[in-house]
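Novice: sequence below, structure please.
(2 chains)
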Amino acid sequence: MSISVYVIRDINMALQINDGKFHLNGIPVPLVGGSVHYWRLDRSLWSQILDKVKEMGFETICTYVPWSVHELARGQFDFGENDPSHDLEAFLFLCEEKDLNVLLRPGPHVNSEITYFGFPKRIVLDPEIQSVTAEGTPVVFPSPPRMFPVPGYASEKFYNEVAIFFDRVCPIIVRHLHPNGCIIGVQADNEMCFFLRTQPYDHDYSTSALELYREFLCEKYTGIDYLNRIYKTNYESFGSIPPPRDFLAKQVDDLPYYLDWIEYKEYYLQYGIKRIADMLRERDVDTLLYHNLPGVSMKPPYNLVKMEEIVDVVGFDLYYYKEEYHKVKKCVEYLSGTSNTVFIPEFASGFIALPLPVKPIMLEDAQFTTVCALMHGIAGINFYMLVERERWVGSPIDRFGGVRKNHFKFYTMLNKLIKRIDYANLTKKSEGILLINRDYARLELASSLLTPIPLIGNITPEQYVNEQALGFDNIIQLEYSLQWDALYHGFGMAKYAVTLGDTQMPLDKLLSYRMVTVPTFDFMTRNVQKKLLDYAMQGGCLVIGPSVPHLDENMEECSIIAKYMLPASGKINKLTINDMTPGNAQFFNGEPVLEVDEGLIIYQTSVGRGSIIRIGFLFPHISEHNQAGLFRVIDSIASAAGLTRLINCPDPQIEVTIHTSNDRQVMFLANTGNSKKEVDLGLAYTDAVIDKVVGPRIRLKPYSVRILEAV
Amino acid sequence: MISENPKIMDWSVEQWHNFYQALFHRGTPKTTIAVIHKDNIPIKIIDSLGRSRPNLMDLFTKDQSMPDLIKTIYHRMDVDVVYAISYPAIRNIFSEFSRIIDFDDNYLKQLFTLKDAIINEMGQGILRYPAGLHWLTKLEYNTVKKIFRAAPDNTLVMLTIFGKEEIWTNWIIGIEGGSINLITTIDTLKPGFHSITNWKREYKHITTAVKKRFGKKPIAFFMDNETFIDLIKTKSKFRFILDALSTKRIISKSLPIRYRIMIFLRRIFGRRSN
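Specialist: Numbering: from 1, shown residues only, chains lettered A, B, ... in the order given. A predicted model of the protein is given here:
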């Protein structure tokens, strides 16, 4: 089954996305809601609890509809017939009575901290449904109170079973779709992520998954001869191609086989979302469909651009501590650059209550990270959870309908603030965009030495990638993320409005930025090379380096960009830029962007109506000891690209964004560090929270954000 | 030991935070270096800061064994621990675990199955210098099972730790049929109720309130957070508990009779009763 592009239907959807914003009944709105799990609350308290939700200023709530909770036996369900708290329809009627919008999440995967993640036990224990590891074993998910084998999303039997549940639940959903009812959006499945076991050679190696792999190859190459030419093999048919179970590449020519496997893993997730989304649509669930990915899901096996060809919007779920500002920033900025709109389907409000050695997320974490999410430009956010329940604590409302005062006060203030600053009509300023280069991100994952350890927490590619050069000038899979990180931190530290994106983005989106920057090495997908050149030709400023690609994704000659670039004049043995010591430096003769004693190390060349800037060296690890050098490099590039600095403040712990709307300008100024800071803005501003004129010197407490409106 | 669907509710997130900090955030994290090798040839070396350390490859010579290499790195690099992990070792652990796990087992048994899969690789695919295993590795599932079986059926066990004027952390565990079926805190009695003035006088009120809520008295342990932190730090935990019970640094309520006799004897005869 191929994954065809989903075409947005001409239906009367309540919730729509226009120009990157949510519109409800045609009016732009910040979609701000929170989760309330009806089945976990005493039905007699539903009304009182929903009133408290409204009292905080929320107009939207969200709930899962867990399969395992409603299924009594195969084909037999309880939607309130046995347990009154399972009466989904009564809950939806009550939401309608209270004029609350609902985002509904019928799974089939719901996690929701339920044993077996909302799948009936009979489903997870069925060998025909289970995902399979490279060693032929089931895939164990180690969550308390029971570890369980995870289902495979290539299993046809799995979808047949889901259909039985959907046949029962979808008619209820359809009866309550806007404009007749309260449901304004439906989530197709939940956190499609190989159950966080995203290592390349872990799973799924079930028979059905391998059939899907071969279908993917057949779609991509159309004929076996073409594949054999690229793989340098002699397979008789697609069916005879064995899946990789380990990274055994030694040279450049070996790579397409492994890179295809990673692309297939992206395809597998898209396939799963499409099957579930199609099943909902086939049952007349004609509303905005969305999906959520876990945390920072910018790299393979996630492919947000492709997933948004299947559902209307894909967001990230964010559960971060106040010390993890950059994770929040990366997630929101990446969505900002890449997605149809910036939606956070789950944002921490409270924390999971299971016997796990994980530090709880406290109110002070949520207060800081929530405003940071606003700072980087969200269009919608759903707080998980607004109401405590079994296995969840630290929300503003407890399960008896009482309030946790400080939490309640914060969310009430937040809703008022969003209205007061007319957040829905603000647009974040972004002059440049830093792209995830999917080619190298795939190589990073393909070369992992740590299969099957889940890539969660703070594991970086540096910790798991194979360190063979594979015939390239640099160890691309090791160096790529270091180059990307240097650019990310550099533009942030120097206070340029640079957002994040992906080489999968279409040209028209790239053209809305004055500058596009992306680390480049020896190879890059042909279409991406062409797209980036077109971007420059049509007036953009493309920033690349340390190498210029001369091969395509099949490792065949492809110098679409290279033919416009200057050859290096020579190598520099030891390059020093202030306190920074870059590696593998070359010097050039061209239009200077940055020249040091050793020579011209960054140059700019005109192409069409735009230009290309070439960085001719490898950034080292960026730390507090080499920031002056990084600042100088970034400032030179930004100046050549025509970017303007938002404020003059080199402190890397101070972050800033500017949002505008007609004649208004709102600045978000954040202190992301653990000590007090003071920033001189040179002008007075009105503080939107305390509604007083402040400045020009602005004091910032540790982990705090000031929202300042130009006077 | 943990039932399939235990009720886990009404935790005070602040109390949980306190408990987490005391258990898992003590001291400076250990510095480590890990050598990933294939057929005894290092293919990657990383440190606990997440950095690749290719320069350490130079310490390897062809005739050198892995134990010698990690010993050399340990002495040269001034780190707490050095590991050598053979390339298939991690996959072996996952595969072995996936093969032997019983999905009908309780969670603790499943964890012990995982522990056994890891231990099988220790000394084989995973080497450590200096040698030494965490005390948990020596703990057997049957020992834990015996402890749970020792609790009378349909029992509540409560641990309350006091700060100066507050309940620092409180946990109420329900055990039925040898399995935990409830994990809750004092928030289940009265959300947000944490203040207290003199715990040695007021602790009885907590026991009474728990009895009123659940219909039975819990086997309860009360102490201040300094005692709790000392307990966490000490290596001989059982002896510490007995000493603290006999000197009333820890106060217990509703202990089964055999434990009460043991504590009484200890109070009379001191350590000689061991």
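
Novice: helices of the stretch 451-600 of chain A, residue ranges please.
Specialist: A:461-464, A:476-493, A:507-510, A:526-537 (DSSP state H, counting those that start in this stretch).

Novice: can you pull the buried residues of the last one?
Specialist: The one in question is helix A:526-537. A:526, A:528, A:529, A:531, A:532, A:533, A:534, A:535, A:536, A:537 (16 or more other Cβ atoms under 10 Å in any protein chain shown). Glycine gets a C-beta too; all of them are placed from N, C-alpha and C.

Novice: for residue B:71, state which of those residues is nearest.
Specialist: residue A:528 (47.7 Å; Cβ to Cβ).

Novice: what does the stretch 1-150 of chain A put close to chain B?
Specialist: With Cβ under 8 Å from any Cβ of the partner chain as the criterion, the stretch 1-150 of chain A meets chain B at residues A:115, A:124-125, A:133-135, A:137-140, A:142, A:144-149.

Novice: among those residues, which lie within strands?
Specialist: Among these, DSSP state E puts A:140, A:148, A:149 in strands.

Novice: of those, keep whichever come out buried.
Specialist: For those, buried by 16+ other Cβ under 10 Å: A:140, A:148, A:149.

Novice: so who does the residue most central in space within chain A touch?
Specialist: Centroid check for chain A by Cα atoms, centre = their mean gives residue A:297 as the closest residue, at 4.2 Å. By Cβ atoms under 8 Å, 6 or more residues apart in numbering or on different chains, the contact set of residue A:297 is A:193, A:304, A:316.

Novice: and the residues you listed as CSV, adding pLDDT and secondary structure?
Specialist: Formatted as CSV, the contacts of residue A:297 follow (pLDDT from 0 to 100; DSSP: H, G, I helix; E, B strand; the rest coil):
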residue, pLDDT, secondary structure
A:193, 96, coil
A:304, 98, helix
A:316, 98, strand
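
Novice: quick one, helices of chain B?
Specialist: B:13-24, B:66-77, B:89-100, B:107-121, B:135-138, B:141-150, B:199-214, B:225-233, B:237-246, B:257-269 (DSSP state H).

Novice: hmm, I was thinking of the stretch 51-200 of chain A
Specialist: A:67-70, A:88-97, A:121-124, A:156-175.

Novice: deepest in the core, which of those helices is it.
Specialist: helix A:67-70 (a mean of 22; mean count of other Cβ atoms under 10 Å in any protein chain shown).

Novice: packing partners for that helix?
Specialist: helix A:156-175 (3 or more Cβ pairs under 8 Å, 6 or more residues apart in numbering or on different chains; DSSP states H and E).

Novice: and the helix it packs on, how far out from the chain middle?
Specialist: 28 Å (Cα atoms, centre = their mean, to the nearest Å).

Novice: before we move on, what about stretch B:141-155?
Specialist: 17 Å.

Novice: right, is that stretch up against chain A?
Specialist: No - shown here: stretch B:141-155 not in contact with chain A (Cβ under 8 Å from any Cβ), separated by at least 13.8 Å.

Novice: which residues does that stretch contact?
Specialist: B:1, B:108-109, B:112, B:157, B:174-179, B:216, B:218-219, B:256.

Novice: cutoff 6 Å now
Specialist: Here stretch B:141-155 makes contact (Cβ atoms under 6 Å, 6 or more residues apart in numbering or on different chains) with B:1, B:109, B:112, B:175, B:176, B:178.

Novice: put the alpha carbons of it into PDB.
Specialist: Extracted in PDB, the C-alpha atoms of stretch B:141-155 (Å, rounded to 0.1, in the frame of the first residue of the first chain):
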ATOM      1  CA  TYR B 141      13.900 -12.000  43.700                       C
ATOM      2  CA  ASN B 142      13.100 -14.600  46.300                       C
ATOM      3  CA  THR B 143      14.400 -12.400  49.100                       C
ATOM      4  CA  VAL B 144      12.100  -9.600  48.100                       C
ATOM      5  CA  LYS B 145       9.200 -12.100  47.700                       C
ATOM      6  CA  LYS B 146       9.800 -13.300  51.300                       C
ATOM      7  CA  ILE B 147       9.700  -9.800  52.600                       C
ATOM      8  CA  PHE B 148       6.300  -9.200  50.800                       C
ATOM      9  CA  ARG B 149       5.000 -12.500  52.000                       C
ATOM     10  CA  ALA B 150       6.000 -11.600  55.600                       C
ATOM     11  CA  ALA B 151       3.500  -8.700  55.500                       C
ATOM     12  CA  PRO B 152       0.100  -9.800  56.700                       C
ATOM     13  CA  ASP B 153      -2.400 -10.100  53.900                       C
ATOM     14  CA  ASN B 154      -4.600  -7.000  53.200                       C
ATOM     15  CA  THR B 155      -2.100  -4.700  54.900                       C
END
